[in-house]
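Chemist: quick one: sequence plus predicted model below, questions after.
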Amino acid sequence: MINNQYKVAVVFGVRNDSSIGFQVAIKLHQSGCKVVLNYVDDTKEDVIFLIEQNGMDSTFAANVDVRNEEEIKSFLSNIHENLGAIDYILHGVAFGSQNVMCYSLPGNLEKTPSYIDIPFEDLMDSFNISAYSLLRICRVAEPFFAKNASVLTLTYNASQRVFPGYAGMSINKAALENIMLYLASYFRKSGVRINAISAGLVMTTSAGGINGVRKLRKLGKITAPLGNITAADVADTAIYYFSDLSKKVTGNIHFVDGGFNIMGVAVDEE
């Protein structure tokens, strides 16, 4: 087991026990980290329950909107003051309305726009939460980082390939990856490393909003050489980045998708 005793980790984006971020938080806790999670109004009850149920300290958990720089600053400075310099940050935040996803949930009679008609305001709000927030969090965290700190974000292969059911969120993931690359270069002066995991499709709450998600999971099971993945599989890889084992790795997009990304065509079930 990786030894992260006395390390301080902050995890953004846990909604419930199906979240990839939650599995990462558990791995960090098991490795010895002092782990702090944020929440928002509609996730507070679930997040606090998960923290306490799994033996973590909820003292410094706080309501933080990643669009609000002052809330992030208050959150991270409080952690720094009470727990010490921040060693690890997971950016696991993403949001896109149905207007951005171009898909109406079952039972919703409102017609959503086609891709070419995605409303600018909706797209910018999802970009703010899903991509720019990584830049904002890193900007605020910069004076609070420990030496050789590590930041990890979560992306998806739709940044590079067409998944019609992902629509405008693909724009956000492409931007997120570019922000990650430029931050990796920016932080050369301090030795902070920043990387991304491109996860296969995991059945999280957010994934439920993707058009044809179950079909995509079935396709992944057949096509990916190693089949579908779980949130725990992503967490296993994340702990490598949240350890000294990755001390010379930065600007990397690490695929954890069973090999789905290497395939040029779908494989038929035999």
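Modeler: In hand now; what should we look at?
Chemist: look at Tyr103 and give its secondary structure.
Modeler: Counting by DSSP: H, G, I helix; E, B strand; the rest coil, the backbone at Tyr103 sits in coil.
Chemist: what does the model give it for pLDDT?
Modeler: For Tyr103, the pLDDT comes out at 79.
Chemist: centroid-nearest residue for the protein?
Modeler: Closest residue to the average C-alpha location of the chain: Gly92 at 2.1 Å, with CA atoms, centre = their mean.
Chemist: hey, where'd the strands end up in the stretch 1-150 of the chain?
Modeler: 8-12, 34-39, 62-63, 86-91, 145-155 (DSSP state E, counting those that start in this stretch).
Chemist: with mean pLDDT and mean neighbour count as added columns, please give those strands in JSON lines.
Modeler: Every C-beta, even on glycine, is put in place using the N, C-alpha and C of the backbone. JSON lines is the format used below for those (pLDDT from 0 to 100; neighbours: other CB atoms under 10 Å):
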{"stretch": "strand 8-12", "mean pLDDT": "98", "mean neighbour count": "26"}
{"stretch": "strand 34-39", "mean pLDDT": "98", "mean neighbour count": "25"}
{"stretch": "strand 62-63", "mean pLDDT": "98", "mean neighbour count": "16"}
{"stretch": "strand 86-91", "mean pLDDT": "98", "mean neighbour count": "25"}
{"stretch": "strand 145-155", "mean pLDDT": "97", "mean neighbour count": "22"}
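Chemist: got these as TSV, with distance to Pro113 columns?
Modeler: Shown next, in TSV, are the strands of the stretch 1-150 of the chain (distance: least, CB to CB, whole Å):
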stretch	distance to Pro113
strand 8-12	29
strand 34-39	31
strand 62-63	32
strand 86-91	28
strand 145-155	24
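Chemist: the ones you listed: which one's closest to Gly220?
Modeler: strand 145-155 (16.3 Å; CB to CB).
Chemist: still on that earlier bit, spit out the contact partners of the residue nearest to the centre of the chain.
Modeler: Val11, Phe12, Gly13, Val14, Ser19, Ile20, Gly21, Val24, Thr153, Leu154 (CB atoms under 8 Å, 6 or more residues apart in numbering).
Chemist: before we move on, what about Glu177?
Modeler: Thr155, Ser159, Ala196, Ile253.
Chemist: just the closest of those to Ala149, please.
Modeler: Ala196 (15.8 Å).
Chemist: list the contacts for the closest one?
Modeler: Residues in contact with Ala196 (CB under 8 Å, 6+ apart) are Leu152, Thr153, Leu154, Thr155, Leu176, Glu177, Met180, Asn252, Ile253, His254.
Chemist: quick one: the fifth one is in a helix?
Modeler: Yes: using three-state DSSP, the assignment for Leu176 is a helix.
Chemist: how near is it to Ser159?
Modeler: 7 Å (CB to CB, to the nearest Å).
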